[in-house]
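Colleague: structure for this input, please:
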Amino acid sequence: MKLRYSEAFYSVQGEGKFVGVPSVFLRTFGCNFRCLNFGLDRSEPNREEKLKAGNRYNDEVKGLIDNKVHETTKVFEDLPIIHTGCDTYASIYPEFKHFNKQASVDEVVEHLLSLTPNGKWVQDNGQDVHLIMTGGEPLLAWQRLYIELFEHPRMQDLKNVTFETNTTQKLHEDFYNYLNTQDRFTVTWSCSPKLSVSGEPWETAIKPEVAREYSLVNDSDLYLKFVVADRTDIDEAGKAVDEYRKAGVECPVYLMPLGGRSEEYNLNVQEVANICMEKGWRFTPRLHISLFGNAWGT
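Modeller: Below you'll find the predicted structure:
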């Protein structure tokens, strides 16, 4: 079986607990969500009607497809950046899957290590590069390949793996057992449940029992990270945190400002930081946007 992924790149972690840590990102293809409403004003005309109609494309993505961008663009890196909906749209919509790489585990390992300094995870100075499994949603069908990936002979010096997940996918039994018994690398669950600002419904997005399962993996670390744009999101985040705590998930909570472009991001960054101080929650920037702008491979 081959793994399908949109891109792999070397950057600094821009969000969450490990902001600033040099990291290799492996962006797998496929997601169970579409997050159509990110970036849309809550008063946007027909916002809710579009969701109820079962639309799977926001206006920007639909515009790209209508204009045949997926057919005329030659390479993944030249695909346009969008500013509403899911900012990794090319990792979730089937129209863009031909841009993906399909590779064996051996090929994936070679690609990942080619991105690291000196072709290894731990550097001669003792510092290690993290591996970030992201998407899309990295805990969909690809779980079956991760054991083979992590156990590859050239991955033996790997020390830190983070799964950036929407926290809706249960762990496959064999993968859960593997993570519980391996002691070579530390697993971090960067859990980003989607609030209504995304357009995803509460009942499918907020899954405390899934986060609880992740937290039970031996010696793993877990935190919650909510993307917020206004006070409605803050209130929803508080409600969600209560649900996770009832399920036995006691962990740090991060708030991250919504915004795909630096000018949008800067509009609410200070307010979100103030709310974090007010609530005792943690603030996470989007460091990669400040450094590189919103672009593929960052």
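
Colleague: CA only for contacts and neighbour counts going forward, please
Modeller: Noted.

Colleague: remind me which residues of the stretch 1-150 of the chain are low pLDDT?
Modeller: For the stretch 1-150 of the chain, residues meeting the criterion pLDDT under 70 lie at 43-54.

Colleague: which stretches of it form helices?
Modeller: 47-52, 59-66, 69-72, 105-115, 143-150 (DSSP state H, counting those that start in this stretch).

Colleague: how much space separates residue 73 from residue 29?
Modeller: Separation of residue 73 from residue 29 (Cα to Cα, to the nearest Å): 18 Å.

Colleague: now do residue 195 against residue 33, distance only.
Modeller: Applying Cα to Cα to residue 195 and residue 33 gives a distance of 12 Å.

Colleague: looking at those two, which one has more neighbours?
Modeller: Neighbour totals were compared for residue 195 and residue 33, and residue 195 leads with 23 against 19 (other Cα atoms under 10 Å).

Colleague: how about residue 109, what does it touch?
Modeller: If you count contacts by Cα atoms under 8 Å, 6 or more residues apart in numbering, residue 109 has them with 149, 152, 154, 155.

Colleague: got phi/psi on residue 251?
Modeller: Here is the backbone geometry of residue 251 (degrees, to the nearest 10): phi -160, psi 170.

Colleague: not counting its neighbours along the chain, what's nearest it?
Modeller: The shortest distance from residue 251 to any non-neighbouring residue, by Cα to Cα, 6 or more residues apart in numbering, is to residue 223 (5.4 Å).

Colleague: quick one: that neighbour is in a helix?
Modeller: No - secondary structure assignment (DSSP: H, G, I helix; E, B strand; the rest coil) places residue 223 in strand, not in a helix.

Colleague: what separation do you get for it and residue 284?
Modeller: 12 Å.

Colleague: cool, residue 254 as well?
Modeller: From residue 254 across to residue 284, the span is 6 Å (Cα to Cα).

Colleague: so what sits against both of the two?
Modeller: Common neighbours of residue 254 and residue 284, using Cα under 8 Å, 6+ apart, are residue 16.
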